[in-house]
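Novice: Build the 3D model from these lines:
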Amino acid sequence: MRVHRIASVDYQSSTYPIYALSLGSDSSDVPCLAFIAGIHGLERIGSEVVLAFLDTLIQRLEWDQSLISGLEQLRLLFIPVANPVGSLNSTRSNGNHVDLMRNAPLDAESRPAFLVGGHRLHPRIPWYRGPEGAPMEIESQAVCDFVRRELLPAPFSILLDCHSGFGFDDRIWFPFAYSRRPIDHLSEVFALKRLLNQTYPHLHYLFEPQSLQYTTHGDLWDYLYLESLQRDTVFLPLTLEMGSWRWVKKNPRQLASVSGLFNPIIPHRLRRVLRQHIVMMEFLIRACRAWQQWCPQPTQRVFLQREALRHWYNT
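Specialist: Sure thing, here's the model as predicted:
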């Protein structure tokens, strides 16, 4: 394991580090899989899921020869807490009141939902994008630099960003968030969805483009995905949006706290969440390592593109 401090954030006379960890090959020609969490500090369950999965992998490295040998052809990357001040304060935004997932220099193609899609009205209103024309926040820039350095040079990479708080169902979102048009690698995303459904038919995730629910300004993964199109690579950024509303439905007392809207509070529900995503995350490891076995060939891409357009866009 290699540990790097990719940024330091100054806040109220203290300094808070952002750490990235990596396991596996350091070769530039192997596929990469990154797990990122804590971009919204209030959604601490994302960081807990990533740390629990990382702990599982570390324990297995003492005895699991298949994992050890598999890491010779793969690099795993982790940023468990991308917004340390937000995590400290249990806020969605960072210490400057900026929503890091609205902070990229990218405007939505059509007007997004009021406030939720990102705004520049006032820093104290949630979903604030930051001042117009200002540099990206330290945390956002550190994550972008990390992706450029570690993932975009790889021939194939997947990124899973862990969040909570939208709806009753667990969702896996893919770009775009700033546009309702399909991404260039729609056939690859559809092939990955189909592979997950065929391999684990009893796993329940709503796998869909984020724009089916709402559009936003300044999405980091849209920004980096568009940049990846200038390279000879396949970069698939995904967002795990854990449906926190069902936790509130089962325990309405969680409405009494802001944290309760986004995180499981009762211990047995927390334990259930920490284990329920392990199968999907293990699947991503195997799919990323074997990407050449399931990624569509040129002759298959047209067919899968048509299937995906019918499935997600009704065209």
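
Novice: Break down this structure into its helices, ranges please.
Specialist: Shown for the chain, the helices assigned by DSSP state H span residues 44-60, 65-70, 84-89, 138-150, 186-199, 220-228, 245-250, 267-276, 278-289, 291-294, 298-313.

Novice: May I have the first one as PDB, with CA atoms only?
Specialist: Put plainly, it is helix 44-60. Extracted C-alpha coordinates of helix 44-60, given in PDB (Å, rounded to 0.1, in the frame of the first residue of the first chain):
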ATOM      1  CA  ARG A  44     -20.400  10.200   6.100                       C
ATOM      2  CA  ILE A  45     -21.800   6.700   5.300                       C
ATOM      3  CA  GLY A  46     -20.000   7.000   1.900                       C
ATOM      4  CA  SER A  47     -16.600   7.200   3.700                       C
ATOM      5  CA  GLU A  48     -17.600   4.400   6.100                       C
ATOM      6  CA  VAL A  49     -18.500   2.100   3.200                       C
ATOM      7  CA  VAL A  50     -15.200   2.800   1.400                       C
ATOM      8  CA  LEU A  51     -13.100   2.400   4.600                       C
ATOM      9  CA  ALA A  52     -14.900  -0.900   5.500                       C
ATOM     10  CA  PHE A  53     -14.200  -2.300   2.000                       C
ATOM     11  CA  LEU A  54     -10.600  -1.200   2.200                       C
ATOM     12  CA  ASP A  55     -10.300  -2.900   5.600                       C
ATOM     13  CA  THR A  56     -11.700  -6.100   4.000                       C
ATOM     14  CA  LEU A  57      -9.100  -6.000   1.200                       C
ATOM     15  CA  ILE A  58      -6.300  -5.500   3.700                       C
ATOM     16  CA  GLN A  59      -7.300  -8.400   5.800                       C
ATOM     17  CA  ARG A  60      -7.600 -10.600   2.700                       C
END
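
Novice: any low-confidence regions in the stretch 51-200 of the chain?
Specialist: Nowhere does the stretch 51-200 of the chain drop to pLDDT under 70.

Novice: what's the spacing between Gly218 and Leu106?
Specialist: Going from Gly218 to Leu106 by Cβ to Cβ, to the nearest Å gives 6 Å. For glycine as for every other residue, the C-beta is placed from the backbone atoms N, C-alpha and C.

Novice: Overlap of the contact sets of those two?
Specialist: Residues touching both Gly218 and Leu106 (Cβ atoms under 8 Å, 6 or more residues apart in numbering) are Tyr178.

Novice: returning to what we had before: looking at the helices of the chain, spot the one closest to Ala177.
Specialist: helix 220-228 (5.4 Å; Cβ to Cβ).

Novice: and Val116, how many neighbours?
Specialist: 14 (other Cβ atoms under 10 Å).

Novice: Run through the residues that contact it.
Specialist: Neighbour list for Val116: 127, 214, 216 [criterion: Cβ under 8 Å, 6+ apart].

Novice: Make sure the last one is actually in contact with Asn103.
Specialist: No - between Thr216 and Asn103 there is no contact under Cβ atoms under 8 Å: 10.8 Å.

Novice: Between these two, which has more neighbouring residues?
Specialist: In terms of neighbours (other Cβ under 10 Å), Asn103 is the more surrounded of Thr216 and Asn103; the figures are 30 against 25.
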